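In: below is the structure, and that's it, no one-letter string:
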């Protein structure tokens, strides 16, 4: 037996329960649910509008920046005339290639030091 | 009540819960209608303030609406709602009083119990008990939970639950019988 309840108190608790079914209470909750839904929709609308505005405002500078970075990464490190040597070295003879080689080197070094 | 919600009135609760968990607002409205007498009575036992109790009950239903999609087993709805209610009430008391000490050492207050036209005011008597004691008493007598169930639901150790209920029942009985003698 884990629990013994006082019968007098139990009957007092039983008698204290009232029928509290009230349509106004349900309506108040529905109203709060609808207000919350409207608030969420409005917040989402504001965020989307801000993102669109941001995209419009940054469209030109953003595209210019990306274009400049792409151009810079493709620049050859050593100017070579067109030919078989330029063709073979093309993957590593660029800023992007150099960055890739450096990152691979760091990765190999890290593995050797820690494993 | 919306027409669609009225259609759910005779449907089995498990089905209504299942529909509500899929985002059916009318099904949830029907759940509110079904469960509000129980929840409002529970909150009144805990709060001794009908307006506050109703306000908390509304908040609990709103939390339930937000989280019902995560409820996998419709049979657990009642227990799950009770869990939200208990946690919400504990949070409210913690904010209101600035602490929630399950191992209080204070003497149970002997505040006068207000007389009402309907007889013994149980809620007023409960309000004189410290929060953790009141919670254990209400969960035991109002909800019929066992000590381990109360311990699990409230996070209060099993032995403390037992002691709270023993001491709380004794004090409550004294308060209510003293009041009964006066009338």
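Out: Arrived safely, thanks for sending. Just so we're clear, the structure is a prediction, and the values are computed from it rather than from any experiment.

In: which regions of chain A sit below the pLDDT cut-off?
Out: A:1-3, A:114-115 (pLDDT under 70).

In: quick check: longest helix of it.
Out: Scanning chain A for the longest helix, with DSSP state H as the assignment, gives helix A:23-74.

In: just the residues contacting the helix or strand that comes right after that helix, thanks.
Out: Reading on from helix A:23-74 to the C-terminus, the next helix or strand found by DSSP states H and E is helix A:84-89. With contacts defined as CB atoms under 8 Å, 6 or more residues apart in numbering or on different chains, helix A:84-89 is touched by A:78, A:80, A:93. (Glycine included, C-beta is placed from N, CA and C.)

In: so who does the second one touch?
Out: Spelled out, that is residue A:80. By CB under 8 Å, 6+ apart, the residues touching residue A:80 are A:86, A:89, A:93.

In: select from those the one having the most neighbours.
Out: Greatest neighbour count in those, by other CB atoms under 10 Å in any protein chain shown, goes to residue A:93: 17 neighbours.

In: quick one: least confident helix or strand in chain B?
Out: In chain B, no helix or strand scores lower on mean pLDDT, DSSP states H and E than helix B:3-7, which sits at a mean of 68.

In: stretch A:18-28 close to chain B?
Out: Yes. Contact of stretch A:18-28 with chain B (CB under 8 Å from any CB of the partner chain) involves A:18-23, A:25-26, A:28.

In: from these, list the buried ones, please.
Out: The neighbour-count criterion (16 or more other CB atoms under 10 Å in any protein chain shown) marks A:20, A:25-26, A:28 among these as buried.

In: tell me how the chain divides into domains.
Out: You didn't pick a chain, so chain A it is. Domains of chain A are assigned by automatic domain parsing as A:1-72, A:75-115.

In: correction: the question concerned chain B.
Out: Structural domains assigned to chain B are B:1-100, B:102-183, following automatic domain parsing.

In: what about the longest helix in chain B?
Out: Every helix in chain B considered (DSSP H), the longest is helix B:158-182.

In: per-residue confidence averaged over it?
Out: For helix B:158-182, the mean per-residue pLDDT is 83.

In: same question for stretch B:51-60.
Out: Averaged across stretch B:51-60, the pLDDT comes to 95.

In: quick one: buried residues of that stretch?
Out: Using 16+ other CB under 10 Å as the test for burial, stretch B:51-60 gives B:53-54, B:56-60.

In: closest one of these to chain A?
Out: Using CB to the nearest CB, residue B:58 comes nearest to chain A of these, at 5.4 Å.

In: how about that closest one, phi and psi?
Out: Backbone geometry at residue B:58, expressed as degrees, to the nearest 10, gives phi -60, psi -40.

In: repeat for residue B:72
Out: The phi/psi pair for residue B:72 (degrees, to the nearest 10) reads phi -90, psi -40.

In: same question, residue A:21
Out: Note on residue A:21: backbone dihedrals following degrees, to the nearest 10 are phi -80, psi 120.

In: next, the angle helix A:23-74 makes with the helix or strand containing residue A:106.
Out: Per DSSP H and E: residue A:106 is located in helix A:95-114. Orientation check (axes from the mean of the first three to the mean of the last three CA atoms, to 10 degrees): helix A:95-114 against helix A:23-74 gives 110 degrees.

In: buried residues, helix A:95-114. List them.
Out: With burial defined by 16+ other CB under 10 Å, the residues of helix A:95-114 counted as buried are residue A:97.

In: show me what it packs onto, helices and strands only.
Out: Applying 3 or more CB pairs under 8 Å, 6 or more residues apart in numbering or on different chains; DSSP states H and E, one finds that helix A:95-114 contacts helix A:23-74.
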